[in-house]
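Visitor: quick one: sequence plus predicted model below, questions after.
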Amino acid sequence: MAEIVVVRDQDAAGELAAGSILDLIAAKPDAVLGLATGSTPLVVYRALERGIRERGIDVSHVRGYALDEYVGLPADHPESYRAVITREVVEPLGLTPSLIHVPNGSLEGIEHAGADYEKAIAQSGGVDVQLLGIGTDGHIGFNEPGSSFASVTRVKTLTEQTRKDNARFFASEDDVPMHCITQGLSTILKARHLLLLAFGEGKAEALAGAVEGPVSASNPGSAVQLHPHVTVLVDEAAASRLRNLDYYRYAYANKPAWQTL
């Protein structure tokens, strides 16, 4: 069962997640982070920025792998995930750019880009902690409903709903790429620790399905039920549909002092 932690707000979730990641880096300076984009993980990155400065942690050897990238969008486009990761993570945290990787969404070589990314992650020793958000339809990464639990990094066609959701970052929905390259559910499940964050009432139904519903390709987020070490950080609104909410609060309040996230 995932550990579900209900926090007062997004900032509190960011502090908890960042504290866990900073402890990891302090113990393992070349830790491998799985980096998510979108609005959800921003509170974690901002808390990491503060924590690195306050604790004086050296992050120059930290390695990172982004979940996904648009296909056919130039790497220097402001909404490419390469640009987003550089702007929101690498530069503020002071990470070494050459150690932070994003799937290659260039049309040239796209046929083997997924296999190349899988090989790179494996050669790094695997991801230590993977940050995740969840979409309103249950997608994690760009693994849309119907994605195989055995899937690896590959090219996917985005759903109409995901393109509408992401249109806020572009001039219009027509400018949102039709395809992406994303880590697969199997790839994500190989990370040693999953940190899933969800905020707001709009995520409540998808979250409840992911952590309490049946394990089904119809809700890709439900794949986290198959992982041995999952931490779910949610605000009150996102937790509002959880049937076992009282138990989650009780379990966290009585958690052994020696257990970390």
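Guide: Now that the structure is in, tell me what you want to look at.
Visitor: just the strands in the chain please.
Guide: Assigned by DSSP state E, the strands in the chain fall at 3-7, 32-35, 63-66, 68-70, 100-101, 129-132, 154-157, 179-182, 193-198, 230-235.
Visitor: do you know which of those lies nearest residue 248?
Guide: Residue 248 lies closest, by Cβ to Cβ, to one member of those: strand 3-7, at 4.2 Å. Backbone N, C-alpha and C define where each C-beta goes, glycine included.
Visitor: turn the strands of the chain into a markdown table, columns for mean pLDDT and distance to residue 80.
Guide: Putting the strands of the chain into a markdown table (pLDDT from 0 to 100; distance: least, Cβ to Cβ, whole Å) gives the following:
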| stretch | mean pLDDT | distance to residue 80 |
| --- | --- | --- |
| strand 3-7 | 98 | 31 |
| strand 32-35 | 98 | 14 |
| strand 63-66 | 98 | 10 |
| strand 68-70 | 97 | 6 |
| strand 100-101 | 98 | 14 |
| strand 129-132 | 98 | 19 |
| strand 154-157 | 96 | 16 |
| strand 179-182 | 97 | 11 |
| strand 193-198 | 98 | 23 |
| strand 230-235 | 98 | 27 |
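Visitor: JSON lines for these, including distance to residue 83?
Guide: Output for these, formatted as JSON lines (distance: least, Cβ to Cβ, whole Å):
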{"stretch": "strand 3-7", "distance to residue 83": "30"}
{"stretch": "strand 32-35", "distance to residue 83": "13"}
{"stretch": "strand 63-66", "distance to residue 83": "11"}
{"stretch": "strand 68-70", "distance to residue 83": "10"}
{"stretch": "strand 100-101", "distance to residue 83": "12"}
{"stretch": "strand 129-132", "distance to residue 83": "18"}
{"stretch": "strand 154-157", "distance to residue 83": "20"}
{"stretch": "strand 179-182", "distance to residue 83": "15"}
{"stretch": "strand 193-198", "distance to residue 83": "22"}
{"stretch": "strand 230-235", "distance to residue 83": "26"}
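Visitor: brilliant, that's me finished.
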